[in-house]
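Participant: Quick one: sequence and predicted model below, then my questions.
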Amino acid sequence: MSAAAEPIRTVAAVIRDQDGRVLLVRKRGSDTFIQPGGKREPGEATLQTLARELEEELGVAMPAASAWRLGEFEADAVNEPGRRVRTEAYVVEVDGKPEVRAEIEELAWVLPRAPFPVKVAPLSAGHVLPALREALGHGAPT
């Protein structure tokens, strides 16, 4: 398999508010909302990556002890045509109020089920958010 055919590997956060909504972000130059998170730096552990990305993109701290693994999911990448993205998603709590920073242009709090009030990436809409609903329905931590 060529490098171009390899999926883009990311780590994603599922951040919920007290009303059960999930935070999605839209990067500058995109019209589609995705889970916050990003790519690992060399030598970085998964939760280190997530904490770094959340601080850079949203200005919040992520207590590592709050994270629980939702799963690993793959779909077409919205910001890189012809590529796939594979993410390891974690439900996390954050300290601080998320705000637009770095390459993020807009935030949206949405209920984790369609119809969504914004355009949501296939990875989130078709995989991450349904997995969250299923996990919560089976007694996962709220």
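Facilitator: Okay, I see it.
Participant: So in terms of bridging, what pairs with residue 76?
Facilitator: Under DSSP bridges, the beta-bridge partners of residue 76 are residue 84.
Participant: Looking at per-residue confidence, what score does it get?
Facilitator: Residue 76 carries a pLDDT value of 93.
Participant: And residue 54, by the same measure?
Facilitator: The per-residue pLDDT reported for residue 54 equals 98.
Participant: Same question for residue 2.
Facilitator: Predicted confidence (pLDDT) at residue 2: the value is 51.
Participant: what's the closest non-adjacent residue to the residue nearest to the spatial centre of the chain?
Facilitator: Compute the mean C-alpha point of the chain, and by C-alpha atoms, centre = their mean the closest residue is residue 35, 2.4 Å away. Spatially, and ignoring its direct neighbours in sequence, residue 35 is nearest to residue 12 (3.8 Å; C-beta to C-beta, 6 or more residues apart in numbering). In this view, the C-beta of every residue, glycine as well, is placed from N, C-alpha and C.
Participant: what helices or strands is the strand or helix carrying the one you found leaning on?
Facilitator: Residue 12 is part of strand 8-15 when elements are defined by DSSP states H and E. Contacting strand 8-15 under the criterion 3 or more C-beta pairs under 8 Å, 6 or more residues apart in numbering; DSSP states H and E are the following elements: strand 22-27, strand 37-38, helix 46-58, strand 84-92.
Participant: the inter-axis angle of that strand versus helix 46-58?
Facilitator: Strand 8-15 and helix 46-58 are oriented at 70 degrees to each other (axes from the mean of the first three to the mean of the last three C-alpha atoms, to 10 degrees).
Participant: Flag every buried residue along strand 8-15.
Facilitator: 10, 11, 12, 13, 14, 15 (16 or more other C-beta atoms under 10 Å).
Participant: I'd assumed residue 133 was in contact with the fifth one.
Facilitator: So the one you mean is residue 14. No - applying C-beta atoms under 8 Å, one finds residue 14 not in contact with residue 133, separated by 10.9 Å.
Participant: Pairing-wise in the sheet, spell out the partners of the residue nearest to residue 35.
Facilitator: With DSSP bridges as the rule, residue 12 is bridged to residue 37, residue 89.
Participant: pLDDT score for it?
Facilitator: Predicted confidence (pLDDT) at residue 12: the value is 97.
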